[in-house]
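Undergrad: compute the structure for the input listed below.
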Amino acid sequence: MDRGSLIGIVLGAAAIFGGQAMEGGQISLFLQPAAFVIVVIGTLAAVLLHHPFAVFMKGVRMAKWVFRPPESEVDTLIRRIIQWSHTARQEGTLGLEKYLGMTHDPFQKAGLQLLIDGADAAKLRDTLDVQIVGFETAERQAARVWEAAGGYAPTLGILGAVIGLIHVMENLTEPSKLGTGIAVAFVATIYGVGLANLVFLPIANKIKFSIARRVAEREILCDGLIGIAQGDNPRIIEARLKGYL
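TA: Take a look at the predicted model:
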C-alpha cells in the first residue's frame, strides 16, 4: 500500500471539506446530484470518445497502481543477469537455454532467446529498443486516459455552471428556485476543478511514475544482455547495472 497516495487523498478531502466548515458552510451543500451527473458522467463520456475502449479499460485498471504500484524487481533482475553472465562465460550462450523456462516475463524471454540465437550486441540493442519503445508507448497511452479526464473535467464544470445559471435566469420570478440553480452552478465548478487537480491529474502522474520505473527495468535488462553478448566480465556488468540504482 502506498501510504503517500492515501495521505494525499485524505488531506485533499480535508482541505475542501474543512475549508467549507471553517467558513461556516454546510458539507451537504456539496451534494448536488445534477452537478455530479454533468461533471462526472460528462467527463466519462468525453474520455470514452477520446480513446479506444481497450485503451480506456487499460487506463482504468492502472488506477490501482496509485495505491499498489507494481513491485520493483531491480535487485532481483540484476542478480539474475549476473547469474546469466557467469553461465554464458563458462558454458557459452547456449547454456542460457535452461533459464528460458524460469522466467515468465515475455521481454526477458525474448532477450534471452536473441542472445541464445547468437544475436550480436548491435542487433540485440536494436531489437530490444523497439520493444521497449512499443511497451512505453502503449503504457503511456493508457495513462493519458486520466490526463484527458483532468482536462475535460474543469470544462464540464464550467458547462454545469452555465446550465445552473440558465435555470437561475429562467426562474427569476420564483425566488424559491434561485438557490438550487446557483448551488448547481457553483458546485459543478468545484466538482470539475477539484476532481481534475486532486484526483485525475495526480493519478495520471502517479501512473507515469510507475511506467518510468518499469521502462527503466527493461533498460537494465537490455544493458545486461548486451554486456553478456559482448563478453564483458560479470563484475563489470554488475557495476554498470548497479549504476541504475
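
Undergrad: isn't residue 229 up against residue 121?
TA: Yes - contact criterion C-beta atoms under 8 Å: residue 229 and residue 121 qualify, at 4.5 Å. No exception for glycine: its C-beta is placed from N, CA and C like everyone else's.

Undergrad: so between those two, which is more surrounded?
TA: residue 229 (21 against 16; other C-beta atoms under 10 Å).

Undergrad: measure residue 134 to residue 117 for me?
TA: Residue 134 sits 20 Å away from residue 117, taking C-beta to C-beta, to the nearest Å as the criterion.

Undergrad: what's the answer for residue 68, then?
TA: For residue 68 relative to residue 117 (C-beta to C-beta), the value is 37 Å.

Undergrad: the helix ranked longest in the chain - contacts with which helices or strands?
TA: In the chain, assigned by DSSP state H, the helix with the most residues is helix 121-170. Contact here means 3 or more C-beta pairs under 8 Å, 6 or more residues apart in numbering; DSSP states H and E; on that basis helix 121-170 packs against helix 33-36, helix 42-50, helix 53-62, helix 106-116, helix 178-195, helix 201-229.

Undergrad: okay, those in CSV with mean pLDDT next?
TA: Shown next, in CSV, are the helices and strands packed on helix 121-170 (pLDDT from 0 to 100):
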stretch, mean pLDDT
helix 33-36, 84
helix 42-50, 94
helix 53-62, 93
helix 106-116, 88
helix 178-195, 79
helix 201-229, 91
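
Undergrad: I'd like those helices as JSON lines, with distance to residue 83 appended.
TA: Output for these, formatted as JSON lines (distance: least, C-beta to C-beta, whole Å):
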{"stretch": "helix 33-36", "distance to residue 83": "55"}
{"stretch": "helix 42-50", "distance to residue 83": "44"}
{"stretch": "helix 53-62", "distance to residue 83": "31"}
{"stretch": "helix 106-116", "distance to residue 83": "12"}
{"stretch": "helix 178-195", "distance to residue 83": "48"}
{"stretch": "helix 201-229", "distance to residue 83": "11"}
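
Undergrad: of the ones you listed, which approaches residue 75 most closely?
TA: helix 201-229 (10.5 Å; C-beta to C-beta).

Undergrad: export the very next helix or strand once past that closest one to CSV, keeping only CA atoms.
TA: Using DSSP states H and E, the helix or strand that follows helix 201-229 towards the C-terminus is helix 234-242. This file holds the C-alpha atoms of helix 234-242, laid out as CSV (Å, rounded to 0.1, in the frame of the first residue of the first chain):
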residue,chain,number,x,y,z
PRO,A,234,30.4,-10.3,-14.9
ARG,A,235,31.8,-7.9,-12.3
ILE,A,236,31.9,-5.1,-14.9
ILE,A,237,28.3,-5.9,-15.9
GLU,A,238,27.2,-5.8,-12.2
ALA,A,239,29.0,-2.5,-11.6
ARG,A,240,27.3,-0.9,-14.6
LEU,A,241,23.9,-2.2,-13.8
LYS,A,242,24.1,-1.1,-10.2
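
Undergrad: now the angle from helix 234-242 to helix 201-229?
TA: 170 degrees (axes from the mean of the first three to the mean of the last three C-alpha atoms, to 10 degrees).

Undergrad: I am finished for the moment; much appreciated.
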